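Engineer: Dropping a prediction and its sequence here:
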Amino acid sequence: MKEQVTEAVVSTVLPLLQNPPNSLASSKKAFLITDVKKNVSLENMKHRSINEDESFYKKENANSLIGPINHEDFTMNSNIRKPIVTVPVNLFFDDTSTHRSKRWLALHCVQMQLAGIPMDERHKEKNIHFIGASEKVDMMKLVEMAISDIRQCQRDGFITFDAVHQKECLIKCPLDVIVADYNVLSFCCNHLGASAIKYCPRCHASSETFQQILQQRLPEETKRTVNRIDLRSKEVDKIKLRKQTGVKEHFNCLWDVIDPHRDIPVGLLHLIPLGLAKHLIVFIISQMDNETLKRMGCHLETLLPSKGLEFFQYIESRQGKDFKSYLQVAPFNLLFVGADKVFIRLTCCLAQIQKQLNQENIDEKLMNELQENITEYHQLITEYLPNFAKKAKTHLLLHVMDDIKRHGPPTSYDEDSFEKNHGRIRDQIFIQNQKARSRDTAERYAQHILCSHIVTGGFFKDSEIWTQASDNICQAGCNPAVMSFLGIKHGSQKTPGEISKLERHPNGHVKKNPVTDDSLLMMSVGLSENTCTSFSKGQCVTSQSLDLINSGDWVEYTNSSGESCYGVFKGAVEIDGVFTFARVQKSQDLREEDSSLGCALHLLTTAYEYIPAKNIKTPCPFIHDCFKGNCIVSFSLTKQRVEQQNVSKRKLIILHNVHHKIYMLNKFHL
């Protein structure tokens, strides 16, 4: 596919100049099928029938021919023809550090991902493949080798074995998209980057026109501009033309494969978490005093315990996953400390955009809502933070809409899984002698992939027969330790309604409670004491979504009337090891939304009910309304483990108003 034109690979056929092996065949009706292949547009192809008196041959070597070839071999219904399987791929280019220290030495990395597999499999470690890495050659030289292989594969294909249909097939791998951040996007588009007046690699927009998509950049136009720059004799004139047009001249091997201006979609990780979210949050934090930041950190610890009180202290060093998770609760955090309403509106709008872009299925209705949120965000930027218009990623939000229409949801080509693989690539470097990083890393990954293919039951060709490893080898590959080493997660089988963290005696045995100790339970679940002898209590249950629900977590469940409700999970019981029931504290939907955040409000009541444990659907992100509840921040003595000792330290904690039972359903949660 190039410029949305479907092409076919055809073999060139020439008249046979020598006499054919079959003397009965006329030399005028004999043809030679050469090994020269071309890509031809379907619009330029016409069907031609084969006459009975025509014969076709192939070269066996320089002096002999094979043929005549059976006419049935030219038909699509031939059993001899190998089926062609198209496997589109995504490429990822980026740099990582070659050193462990802060000294920077860029290691250019190229990775590959299968683009046609299901979403839940696409970003797994086993489906992210290392292609090459080098710190000595230019990035585009490294990419050129990968592109050359892809073009050859698309033209000629390669023979492999279809394990499902038990026969050989021909694989072709067209390039679908290139996954990249803004810097690599600019590099692949021959664009100058953020320093250009027209800072967008996709169109001719500048900071003054960031709210609209201007004339789209075209490959032919960019190539002409590169030639204009090359014709300038003075470096001063070149610099001036680069800055005016936003084009930078350098070798680019991508022009003949894809349109870099359209087939390199905006990366979600670097657009929102490491882009707009980081810019906005860092700016808001810079406006806060130390006392306010302490209150924000204390409140954040109740929302995201893993972030802790020091999240804002090292805000510039946070990773994309940190900003991604914080943006989901940032409106609640800012509302608690009484931040400026403009900041709350901006974070709400950006958090809503992040949630919409992370959906796996985006329909027309969601597209319209996304467009409205982007327009609102740009209006707020224009009115309150005009300096943010100078940031190219503020404008790139508009191009996300075109990317979705052309390439699908952004989650199909996000950078998270590739960035995680950088750590594994660097781990390989640090166990080498550092003399040939590129070669040694490639060899180690090739050995790893080959080992994984063999022990997981993959087919390989032995002489002329496709076979698998022995049963002993395949059984060893199913070992959880081996699967973990190969990067294949061995998930434990969970059953909805299964209870865990059961109460136990000091000897480890499950504690059995007599039925008479909890007659209220029997009344609630409708079981008679005659049919039950004992029950056990647990603190966790597995939901229908296979999430582990802990006591105190908000959940969505189905009540006895078959209605979907919200409540707080308060433990579970297992009766005679057969019946499992969950105890839920019920909530009441107030049928109104918070005026600042637009989140639905729920009142946590004092009523409880027992339901079958399998009726727990999924965990729900409810957050206490600390702002209207006037919850306070205070110091308290807490026990901490320091050097194998329990030490009491004063720590800031938030004291919730126990009389204020209003909770908000977090609509920004992913």
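Structural biologist: Happy to help now that I have it. Because the structure is predicted, anything quoted here is derived from the model rather than measured.
Engineer: could you point out the longest strand in the protein?
Structural biologist: In the chain, taking DSSP state E as the definition, the longest strand is strand 579-593.
Engineer: Okay, buried residues for the helix or strand that Lys617 is a member of please.
Structural biologist: Lys617 is part of strand 616-619, with elements assigned from DSSP states H and E. For strand 616-619, burial by neighbour count (16 or more other C-beta atoms under 10 Å) applies to 616-617, 619. In short, each C-beta sits where N, CA and C put it, glycine included.
Engineer: Alpha carbons of that strand, as CSV, please.
Structural biologist: Taking Å, rounded to 0.1, in the frame of the first residue of the first chain, the C-alpha atoms of strand 616-619 are listed here in CSV:
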residue,chain,number,x,y,z
ILE,A,616,-19.5,-8.9,42.2
LYS,A,617,-18.9,-7.4,38.7
THR,A,618,-15.9,-5.1,38.9
PRO,A,619,-14.1,-2.7,41.1
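Engineer: Show me the strands paired with that strand, marking each as parallel or antiparallel.
Structural biologist: Here strand 616-619 is paired, per DSSP bridges, with strand 554-558 (antiparallel).
Engineer: Between strand 579-593 and the strand it pairs with, find me the angle.
Structural biologist: 110 degrees (axes from the mean of the first three to the mean of the last three C-alpha atoms, to 10 degrees).
Engineer: Ramachandran coordinates for Gly552?
Structural biologist: Here is the backbone geometry of Gly552 (degrees, to the nearest 10): phi 100, psi -10.
Engineer: in what helix or strand does the residue lying closest to it once chain neighbours are set aside lie?
Structural biologist: Ranked by C-beta to C-beta, 6 or more residues apart in numbering and with sequence neighbours excluded, the top spatial neighbour of Gly552 is Val568, at 6.5 Å. Using DSSP H and E, Val568 falls within strand 564-575.
Engineer: Phe627 now?
Structural biologist: Counting by DSSP H and E, Phe627 is found in helix 626-629.
Engineer: I'd like the mean pLDDT over that helix, please.
Structural biologist: For helix 626-629, the mean per-residue pLDDT is 91.
Engineer: What segments of the stretch 251-400 of the chain are helices?
Structural biologist: Using DSSP state H, counting those that start in this stretch, the helices of the stretch 251-400 of the chain run over 268-271, 278-286, 290-303, 320-327, 330-336, 341-357, 364-384, 392-407.
Engineer: Among the ones you listed, which comes closest to Pro514?
Structural biologist: helix 290-303 (38.2 Å; C-beta to C-beta).
Engineer: strand partners of the helix or strand that comes right after the strand holding Lys617, parallel vs antiparallel please.
Structural biologist: Going down the chain from strand 616-619, the next helix or strand is strand 622-624, by DSSP H and E. Here strand 622-624 is paired, per DSSP bridges, with strand 662-665 (antiparallel).
Engineer: Next, the buried residues of the partner strand.
Structural biologist: So for strand 662-665, counting by 16+ other C-beta under 10 Å, buried means 662-665.
Engineer: before we move on, back to that, okay, the angle between the strand holding Val568 and strand 554-558?
Structural biologist: 90 degrees.
Engineer: Could you report the neighbour count for Ile623?
Structural biologist: Look at Ile623: counted by other C-beta atoms under 10 Å, it has 20 neighbours.
Engineer: Surely it is in contact with Asn666?
Structural biologist: Yes. If you go by C-beta atoms under 8 Å, Ile623 and Asn666 touch, sitting 5.5 Å apart.
Engineer: between those two, what contacts are shared?
Structural biologist: Counting by C-beta atoms under 8 Å, 6 or more residues apart in numbering, the residues touching both Ile623 and Asn666 are 329, 332.
Engineer: List the pairing partners of the helix or strand that the longest strand of the chain is followed by within its sheet, with orientation.
Structural biologist: The helix or strand immediately downstream of strand 579-593 is strand 600-612, counting by DSSP H and E. The pairing partners recorded for strand 600-612 under DSSP bridges are strand 579-593 (antiparallel), strand 662-665 (antiparallel).
Engineer: Can you give me the buried ones in strand 600-612?
Structural biologist: 600-602, 604, 609-612.
Engineer: The one helix or strand in the chain whose mean pLDDT sits lowest: what's the following helix or strand?
Structural biologist: Among the helices and strands of the chain, helix 519-525 carries the lowest confidence by mean pLDDT, DSSP states H and E, at a mean of 52. On the C-terminal side of helix 519-525, the closest following helix or strand by DSSP H and E is strand 534-542.
Engineer: Just give the nearest non-adjacent residue to the residue nearest to the spatial centre of the chain, would you?
Structural biologist: The chain has Asp414 as the residue nearest its centroid, 4.2 Å off, counting by C-alpha atoms, centre = their mean. Leaving aside its sequence neighbours, Asp414 sits nearest to Leu268 (C-beta to C-beta, 6+ apart; 4.4 Å).
Engineer: and if you look at Lys390?
Structural biologist: That would be Ser207: by C-beta to C-beta, 6+ apart, it lies 4.5 Å from Lys390.
Engineer: give the contact list for the one you found.
Structural biologist: Counting by C-beta under 8 Å, 6+ apart, Ser207 has contacts 199, 389-390, 395.
Engineer: Same question for Ser545.
Structural biologist: 617-619.
Engineer: where does it sit relative to Glu556, distance-wise?
Structural biologist: 9 Å (C-beta to C-beta, to the nearest Å).
Engineer: same thing with Leu370?
Structural biologist: For Leu370 relative to Glu556 (C-beta to C-beta), the value is 25 Å.
Engineer: out of those two, which sits in the more crowded spot?
Structural biologist: Leu370 (21 against 18).
Engineer: Go ahead and confirm Asn252 touches Met140.
Structural biologist: Yes. Using C-beta under 8 Å, Asn252 makes contact with Met140 at a distance of 6.4 Å.
Engineer: Can you tell me which of the buried residues of strand 600-612 is closest to Asp471?
Structural biologist: The closest of those, once distances to Asp471 are taken by C-beta to C-beta, is Pro612, at 41.9 Å.
Engineer: quick one: contacts for the residue nearest to Lys278 when sequence neighbours are not counted?
Structural biologist: Nearest residue to Lys278, sequence neighbours excluded (C-beta to C-beta, 6+ apart): Phe323, at 5.3 Å. Listed by C-beta under 8 Å, 6+ apart, the contact partners of Phe323 are 272-274, 277-278, 281.
Engineer: Noted, bye for now.
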